[in-house]
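> Need the 3D shape of this:
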Amino acid sequence: MPLPSFPLNPDTQSDLLWTPSDPSQTQTAHFREHINSTYSLSLQTYQDLYEWSISHRGDFWSSLWDFENVVGSKGKHVIDEGASPEDNPSWFEESVSNWAENQLRHSHSHPNDIAIIQLSESTSTHTAPEKKITQLELYNLVGRAQRSLIRGGIQKGDRIGYWGGNVLEAVVLVLASSSIGAIFSSAASDFGVDGVKERLDQIQPKLLFVTNGVIYNGVIRPLIPLLPKLLKSLKTPPEKVVVIDHLPEELVGIPNDMERWNQWLDPKEGETAFERLGFNDPIWILFSSGTTGKPKAIVHRQGGMLLDSLREHHLAGDIGRGDVFFYYTTPGWMMFQYLVSSLSTGATIILYEGSPLKDPSYLFNMIDQYGITIFGTSAKWLEVISKTYPDVKDHHELSTLKQILSTGSPLPGGLFDWIYEKVKKDVLVGSITGGTDICSVFAGRNTSLPVYRGEIQSRMLGFALDTDGPPNQPGELICRQAFPIEPLGFWPLDGYGFPEDEVESAKKRFKESYFKGEKGIWYHGDYVRITPSRSSNSGGILMLGRSDGVLNPGGIRFGPTDIYSVLEGSEYSQLGVEETLVVGLMVEGGADEKVVLFVKMKGDRTLDDALIKKIKTDIRLARSARHVPSKIIQVSDIPVTLTNKRVEVPIRKLINGASISSINPATLRNPDCLEEYVKLGERMRKEEGMDG
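Predicted coordinates:
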């Protein structure tokens, strides 16, 4: 049987997988009591609290500031209640705070607590050292980096660039940059020169920090040899490049005339200072994947990142001092900021630089060795592990593990089943969704609520989330009210010395990316279904795919996940199916479309008629006849982004006649496979009479 998928019409109990042991002792329950006491209310459930939080936004976010003991001054202003997301209003206009100061607020109360553990992949000839740093040591190190930035002329609003691995120095830089109001931006080591250039050319950093190399999947990957080409290609090169010696010199070579991290770092101990900033000042720039154009340079506000990370990690996630939090990420993904921002809770964070799959037991061994309580990863990693290392609980204790978080793509119901059956029964499985656009989570885990199969637990407090369709029907995820983690815009913003035409172009692109019509509503780009409320959760969320990748054969709309969830089980893996991609092919002059399923097989395995028949039968039985692909085609490879996400929209464009030049190859891990889809598209359009 195929891996079962989440139900389209869930009943109340059959898919209940986990319930909290004592929801009354969760931070969400304590916050509800705080609201009841403050406002003389009698809210009883999460649903009551959620509905209050979106109907009293100003009171909610103001109360959250108080409940989380934010270091800073709040002021009286919170939000213009009449402003829409498209208005992009200012929040907490009278407030001053500093994100980094709040991240480091435990350094004096608990100076000897471990703040960060850094682990890296080794090779047969090199064993990477483990690094541990206490709260006070981190505080002092940030101060040294801060003084070096100031000595180098870095001021509020200047950009600091980083290219390299997920290492301690990257965390120090984002903290030191934000401590003085500089704007941090990073690219992962697997971004090639073209990908880094596209990002740096847009933001023009004054300083660029680069790790000398990384190890991935047992292979040493030096970055220093790539620097001359990068710097020569930039329109405005940085004033200085600082090299971080992550790997021994004998493995990656010695940079000739570049300053090293230990040379650049201020040698003296001293007090770390924090500039109190406005809530709406920029803190960092994140980039979209950019598969079909220039990556969007998304600017986030420092107060929003601070306040909402406390809501996410402490209020919703119950993370605090004594927890050990790990998320597999790179500095090119927003989950880097997501992980680092949990320092404010007093938890220990673990950085890992390397492959998560070279040894499938490695990350589980890490849980046991370091006592990880919150473990974050991607749905894709869980899918691969479920096939290659399925009986996890037979090999690991996982006694400290409390939560498994998953993002990057929808987590199908069958993987929920696998986790509870093969990994750990008493664990909160938190599928979360949000993204680079908001650098946070719109919907996700909550420790006070049950987990239902295939379903994101809840909409997060303070976000008026809905769909643009009828109730209980799939639609595009929208946010009806302004929210404090809405980006300030795309870079360049006004007031930073960039040409007016570039600023106006960025404003126009920002509006086109998230807003439609005249209602001022934020369109997030996800195709979802909000389920009826169960256990007073105010409705969970079923992720059905990206809204621009939605399939619509014969007027029946559904997401690619409906197909993937049927085919991603161990049975299909045993039959040789390695990866799949589903898109729509326009037919009948563009009036309709057919579903096309591309299948990559393992090794020299072949997609034969018997397997095609089985795929069609299983999809029809699990879904409907409308879901059955009209064409099932074997391909040599499935294109993925640098973070291993499938790219339905670009391939949809290619097979429907778009030029291969419309896709940015620097954003793909395997762009060489695109030509195959161009040829397949030509053939299919000819077959359908769409080649004219």
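
> next SSE after the helix or strand hosting Leu542?
In the assignment (DSSP states H and E), Leu542 maps to strand 541-546. Sequence-wise, the next helix or strand beyond strand 541-546 is helix 561-567, with elements assigned using DSSP H and E.

> Just the CA coordinates for that next one, please, in CSV.
The C-alpha trace of helix 561-567 is given here as CSV (Å, rounded to 0.1, in the frame of the first residue of the first chain):
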residue,chain,number,x,y,z
THR,A,561,1.0,17.5,-2.3
ASP,A,562,-2.1,15.5,-3.1
ILE,A,563,0.0,13.5,-5.6
TYR,A,564,3.3,13.5,-3.7
SER,A,565,1.8,12.1,-0.5
VAL,A,566,0.6,9.0,-2.3
LEU,A,567,4.0,8.3,-3.9
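
> correct me, but Gly332 touches Ser185?
No - Gly332 is not in contact with Ser185 according to CB atoms under 8 Å; the separation is 10.2 Å. Glycine gets a C-beta too; all of them are placed from N, C-alpha and C.

> shared neighbours of the two, anything?
In the contact map built from CB atoms under 8 Å, 6 or more residues apart in numbering, the residues linked to both Gly332 and Ser185 are Phe287.

> picking that back up, which residues are contacting the strand holding Leu542?
Residues from elsewhere that reach strand 541-546 (CB under 8 Å, 6+ apart): 6, 8, 410-411, 431, 433, 443, 454-456, 459, 465, 474, 477, 525-531, 550, 558-562, 648-649.

> filter those residues to the buried ones?
With neighbours counted by 16 or more other CB atoms under 10 Å, these contain buried members at 6, 410-411, 431, 433, 443, 454-456, 459, 465, 474, 477, 525-531, 550, 558-562, 648-649.

> Run through the stretch 151-300 of the chain and note the low-pLDDT ranges.
Applying pLDDT under 70 to the predicted model, the residue ranges of the stretch 151-300 of the chain that meet it are 291-293.

> got it, and the stretch 1-150 of the chain?
Applying pLDDT under 70 to the stretch 1-150 of the chain flags residues 1-13.

> hey, where'd the strands end up in the stretch 401-550 of the chain?
Using DSSP state E, counting those that start in this stretch, the strands of the stretch 401-550 of the chain run over residues 403-407, 428-431, 433-435, 440-444, 451-452, 458-459, 465-467, 475-479, 489-490, 522-530, 541-546.

> Which neighbouring elements make contact with whichever helix or strand Thr38 is part of?
For Thr38, the enclosing helix or strand under DSSP H and E is helix 27-39. The helices and strands touching helix 27-39, judged by 3 or more CB pairs under 8 Å, 6 or more residues apart in numbering; DSSP states H and E, are helix 46-55, helix 57-67.

> if we can go back for a sec, select, out of the strands of the stretch 401-550 of the chain, the one closest to Ile298.
Between Ile298 and the strands of the stretch 401-550 of the chain, the tightest spacing by CB to CB is seen for strand 489-490, at 6.3 Å.

> residues in contact with that closest one?
Judged by CB under 8 Å, 6+ apart, the contacts made with strand 489-490 from elsewhere in the structure are Asn88, Lys296, Ala297, Ile298, Val299, Ala506, Lys507, Arg509, Phe510, Ser513.

> let's see it at 7 Å
Under the criterion CB atoms under 7 Å, 6 or more residues apart in numbering, residues Lys296, Ala297, Ile298, Val299, Ala506, Lys507, Arg509, Phe510 lie in contact with strand 489-490.

> go on, stretch 189-200?
Outside stretch 189-200, the residues within contact range by CB under 7 Å, 6+ apart are 161, 163-165, 185, 187, 211, 214, 221, 223, 226, 229-230, 233-234, 287, 290, 294-295, 330, 332, 642, 666-667.

> shouldn't Tyr162 be in contact with Leu173?
Yes - with contact defined as CB atoms under 7 Å, Tyr162 reaches Leu173; the gap is 5.8 Å.

> Can you pull the residues that touch both of those two?
Phe209.

> Test my guess that Leu17 contacts Phe416.
Yes - with contact defined as CB under 7 Å, Leu17 reaches Phe416; the gap is 6.1 Å.

> tell me, what's touching those two both at once?
Overlap between the neighbourhoods of Leu17 and Phe416 consists of Arg453, taking contacts as CB under 7 Å, 6+ apart.

> The strand holding Leu542 vs strand 522-530, what angle?
In this structure, strand 541-546 runs at an angle of 120 degrees to strand 522-530, with axes from the mean of the first three to the mean of the last three CA atoms, to 10 degrees as the basis.

> Strand 541-546 to strand 440-444, inter-axis angle?
Computed by the same axes, to 10 degrees, the angle between strand 541-546 and strand 440-444 is 120 degrees.

> per-residue confidence averaged over strand 541-546?
The average pLDDT within strand 541-546 is 84.

> Tell me which residues touch Leu251, please.
Neighbouring residues of Leu251 by CB under 7 Å, 6+ apart: His126, Gly213, Ile220.

> Kindly apply the preceding question to Tyr338 instead.
Contacts were defined as CB under 7 Å, 6+ apart; by that measure Tyr338 touches Tyr327.

> In three-state terms, label it for me.
Following DSSP: H, G, I helix; E, B strand; the rest coil, Tyr338 is assigned to helix.

> Roughly how far does it sit from Leu315?
From Tyr338 across to Leu315, the span is 15 Å (CB to CB, to the nearest Å).

> again with Gly152
For Gly152, the distance to Leu315 under the criterion CB to CB works out to 38 Å.

> These two: who's more crowded?
Legend: neighbour count by other CB atoms under 10 Å for Gly152 and Leu315, higher for Leu315 (24 against 15).

> With Met305 as the reference, measure out to Val172.
Using CB to CB, which is the criterion applied here, Val172 is 17 Å from Met305.

> er, Ile632 I mean
For Ile632, the distance to Met305 equals 44 Å [CB to CB].

> So the two - more neighbours on which side?
Met305 (23 against 20).

> Now do the phi/psi pair for the more buried one.
Summarising the backbone geometry of Met305 under the convention degrees, to the nearest 10, its torsions are phi -60, psi -40.

> The closest residue to it other than its chain neighbours and Gly157, how far apart?
Computed as CB to CB, 6 or more residues apart in numbering, the closest residue to Met305 that is not its neighbour in sequence is Ile283, at 5.5 Å. Taking CB to CB as the criterion, Ile283 is separated from Gly157 by 11 Å.

> Which one's more surrounded, those two?
Here Ile283 and Gly157 are set side by side on neighbour count (other CB under 10 Å), and the busier one is Ile283, at 26 against 14.

> SS state for that one?
Judged by three-state DSSP, the three-state class of Ile283 is strand.

> Now do the same contact list for it.
By CB under 7 Å, 6+ apart, the contact set of Ile283 is Trp99, Ser178, Ile183, His300, Arg301, Gln302, Met305.

> got it, and Tyr352?
Contacts were defined as CB under 7 Å, 6+ apart; by that measure Tyr352 touches Leu119, Asn166, Tyr328.

> how about it, phi and psi?
According to degrees, to the nearest 10, the main-chain angles of Tyr352 amount to phi -130, psi 130.

> Can you list the residue ranges for strands in the stretch 251-400 of the chain?
Assigned by DSSP E, counting those that start in this stretch, the strands in the stretch 251-400 of the chain fall at 259-260, 277-278, 282-287, 297-301, 324-327, 348-353, 374-378.
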